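> next comes the sequence, and after it the predicted model I'd like to discuss.
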Amino acid sequence: MAIEHPHPTTSTVKQLYAHAFRCAYPGCHQPLYSEDTLSGAWVLNSRICHINARSEGGPRWDPRQSAEDNRAESNLVLMCLEHASIIDGPKALDTYPAERLLAWKRDQIAEFQQLRQGWPLTNSMA
């Protein structure tokens with residue numbers, strides 16, 4: 001029977017979405033959420049992608065990785081729906097090694113931190 005690690009925890013998912021604005025794929029400007037133009041509702045426009053696969057035999061599977069490390073924030077990256085499918089495609093696996101996805105994740109977080117530094121401070125006690 002193939003190994004399958006558990007899904008990320010709710011707090012890990014919240015942490016991921018709290019530190020990114022858009023897809024990690026370089027040059028992609030798709031937001032993680034988008035507003036439906038007819039209803040005005042916010043719609044999830046992204047997926048949580050494993051850098052090293054959750055299931056044995058999956059893309060970038062690492063047999064040395066523990067279940068906790070596999071579901072940790074450090075092994076997850078947020079991608080738009082299109083790029084989430086592309087990075088795991090069987091013909092593209094050599095193009096998207098774990099090291100490349102880790103670099104994209106670092107850039108995604110750095111962009112968030114840089115943009116956040118420009119946010120004006122508010123005084124909630126005023």
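Thanks, I have the structure now. Residues are numbered from 1 along each chain as shown.
> buried stuff in stretch 46-54?
Residues of stretch 46-54 classed as buried: 46, 47, 48, 49, 50, 51, 52, 53, 54 (neighbour count, 16 or more other Cβ atoms under 10 Å). C-betas here are computed from N, CA, C, even on glycine.
> can you give me phi and psi for the second one?
If I follow you right, that is residue 47. phi -130, psi 150 (degrees, to the nearest 10).
> now it: closest residue in space, sequence neighbours ignored.
residue 84 (4.0 Å; Cβ to Cβ, 6 or more residues apart in numbering).
> quick check, nearest of the buried residues of stretch 46-54 to residue 15?
Using Cβ to Cβ, residue 48 comes nearest to residue 15 of those, at 11.0 Å.
> follow-up on the earlier one: now name the helix or strand holding the residue nearest to residue 47.
helix 81-87 (DSSP states H and E).
> list the residues that contact the residue nearest to residue 47.
46, 47, 49 (Cβ atoms under 8 Å, 6 or more residues apart in numbering).
> so which of the buried residues of stretch 46-54 sit within helices?
With helices taken from DSSP state H, there is no overlap with the buried residues of stretch 46-54.
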